[in-house]
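Participant: I would like the atomic coordinates for the input below:
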Amino acid sequence: MKLFDVYPFFDIEIVKGRGCRTFDANGTEYLDLYGGHAVISVGHSHPHYINALKKQAENLVFYSNSVLNSLQVRLAEKLGKTCGYDDYQLFLINSGAEANENAMKLASFHTGKPRIIAFGKAFHGRTSLAVEATDNPKIQAPVNATPNVTIVPFCDLEAVKAEIAKGDVAAVIIEGIQGVGGIQIPTDEFMRQLRTVTKEAGVVLILDEIQSGYGRTGKFYAHQWSGIKADIVTMAKGICNGYPMGALICSPEFKPVYGMLGTTFGGNHLGCAGAIAVLDIFEKENLVENARKVGEHLLEELKKIPGIKEVRGRGLMIGIEFDYPVKKLRSRLIHEQHVFTGASGTNMIRLLPPLVLTMEEADEFIKRFKAVL
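Facilitator: Numbering: from 1, shown residues only. Modelled structure (predicted):
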């Protein structure tokens, strides 16, 4: 059997890592400015994280929902205090796509209505809702991935109001910052207006913080820059530093009913132990503030470089847009300068480094980046 060839691989085998550095099978060191699609929040092989997983693995069990798991309770308490939603309720699952699927299901149960509003070029996973932002003509993603999803233009409040007025909308879902869609940042004023409109209409506001959350933007969740609170927040990626895990938190207004939601692996002991360790490291090393400071420095330095069309982002979620495709540029960064970056569409380099990135490593990246330009 061979692999199903849907991902373009670089011919590099990474075998170990430490902090923001990774190493291939030949011993070559790489500076990691991508963190595996933003999953590496506390750095590769952080000792506290590794020790937490080892300790739990010594007594490994995978009963997640049929027996009491005190680690879930500890995680809920710690996450609530850290993220500022301590009166909300936590549901643990496996991934970001599953988190969004359950959020939309919960909103529909709560309101008794079937329809979800999402925004153009959004990406909310590949299950119930997949609005693909791609320039690949071979991918013909439907505009509406399901009959119950309506796509409106990005940050078009009047379009949202018009759809809500039809009376069948359960929820509006929006990313704190669009990741796959090109690091598009909804304005703080738009987010506040959207919160007002949805609340007045009794429509659930879902904030997809799967990529933009968990400290990445210098706030725990990106939408907190606007000062609002969502009804449901979804998260994954950085929650367990690369171990597969997802979650959603929901307002006290949502009343749980046995059998309403379900999961097989969600909230298992090993994942909970890792997620608790991640929050320990966040607190001890002040990683949210570090993301803000280092991110501001990176944005400032990148904007000084000529030849770039636009630089945008918040914290350590940054897009560097060019007037030309960046495929060759990314390849040169990897093979000549030994730097991993990501992409968003054809013309944008995307930076999602571990939140432990230092000022010195940021400056090192700038130096290597200039060398390939």
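Participant: ok, the one helix or strand residue 249 maps to: who's next to it in the sheet?
Facilitator: Assigned by DSSP states H and E, residue 249 belongs to strand 246-250. The strands beside strand 246-250 in its sheet (DSSP bridges) come out as strand 89-93 (antiparallel), strand 232-235 (antiparallel).
Participant: Quickly compare these and say which is most buried.
Facilitator: strand 232-235 (a mean of 28; mean count of other CB atoms under 10 Å). Using the backbone N, CA and C atoms, a C-beta is placed for each residue, glycine as well.
Participant: what's it in contact with?
Facilitator: Here strand 232-235 makes contact (CB atoms under 8 Å, 6 or more residues apart in numbering) with 83, 85, 88, 96, 99-100, 103, 106-107, 171, 204-210, 213-214, 221, 223, 246-251, 254.
Participant: Now name the helix or strand holding the most centrally placed residue in the chain.
Facilitator: Taking CA atoms, centre = their mean, the centroid of the chain lies closest to residue 211, which sits 1.2 Å from it. Assigned by DSSP H and E, residue 211 falls within no helix or strand.
Participant: Distance-wise, check it relative to residue 313.
Facilitator: 12 Å (CB to CB, to the nearest Å).
Participant: Overlap of the contact sets of those two?
Facilitator: By CB under 8 Å, 6+ apart, the residues touching both residue 211 and residue 313 are residue 177.
Participant: how many neighbours does residue 229 have?
Facilitator: The number of residues packed near residue 229 is 16, by other CB atoms under 10 Å.
Participant: for residue 369, same thing?
Facilitator: Neighbour number of residue 369 under other CB under 10 Å is 22.
Participant: That one contacts residue 332, correct?
Facilitator: No - using CB atoms under 8 Å, residue 369 is not in contact with residue 332; the gap is 10.2 Å.
Participant: can you confirm residue 105 is in a helix?
Facilitator: Yes - Residue 105 sits within a helix when classified using DSSP: H, G, I helix; E, B strand; the rest coil.
Participant: didn't it look like it was pressed against residue 263?
Facilitator: No - using CB under 8 Å, residue 105 makes no contact with residue 263, being 12.0 Å away.
Participant: Tell me the pLDDT of the nearest residue to residue 307 once chain neighbours are set aside.
Facilitator: Nearest residue to residue 307, sequence neighbours excluded (CB to CB, 6 or more residues apart in numbering): residue 373, at 6.0 Å. The model reports residue 373 with a pLDDT of 94.
Participant: related to what we said a few turns ago, tell me which residues in the helix or strand just after the strand holding residue 249 are buried?
Facilitator: With elements assigned by DSSP H and E, the helix or strand that comes after strand 246-250 is helix 269-285. Residues of helix 269-285 classed as buried: 269-282, 285 (neighbour count, 16 or more other CB atoms under 10 Å).
Participant: how far out from the middle of the chain is helix 269-285?
Facilitator: Mean-position distance between helix 269-285 and its chain equals 17 Å (CA atoms, centre = their mean, to the nearest Å).
Participant: so for that helix, what's the average pLDDT?
Facilitator: Mean pLDDT, computed over helix 269-285, is 97.
Participant: tell me what the next helix or strand after it is packed against?
Facilitator: Next helix or strand after helix 269-285 toward the C-terminus (DSSP H and E): helix 287-302. With contacts taken as 3 or more CB pairs under 8 Å, 6 or more residues apart in numbering; DSSP states H and E, helix 287-302 sits against strand 310-314, strand 317-321, helix 359-372.
Participant: buried sites along the last one?
Facilitator: When you say that, I think you mean helix 359-372. For helix 359-372, the buried set under the neighbour-count rule, 16+ other CB under 10 Å, comprises 361, 362, 364, 365, 366, 368, 369, 372.
Participant: got it, and stretch 166-182?
Facilitator: 169-182.
Participant: Same check on stretch 300-314?
Facilitator: Applying 16+ other CB under 10 Å to stretch 300-314 flags 301, 302, 308, 311, 312, 313, 314 as buried.
Participant: where does the nearest residue to residue 33 once chain neighbours are set aside land on pLDDT?
Facilitator: Leaving out its chain neighbours, the residue that sits closest to residue 33 by CB to CB, 6+ apart is residue 353, at 4.5 Å. Looking at residue 353, its pLDDT is 98.
Participant: residues contacting residue 252?
Facilitator: Contacts of residue 252 by CB under 8 Å, 6+ apart are 87, 88, 89.
Participant: quick check, nearest of these to residue 30?
Facilitator: Closest approach between the contacts of residue 252 and residue 30, by CB to CB: residue 88, at 38.4 Å.
Participant: what about the chain, any weak spots by pLDDT?
Facilitator: Scanning the chain with the threshold set as pLDDT under 70 gives 61-66, 126-147.
Participant: which residues in it form helices?
Facilitator: Per DSSP state H, the chain carries helices over the ranges 35-38, 47-57, 70-83, 96-111, 157-164, 188-201, 269-285, 287-302, 327-335, 359-372.
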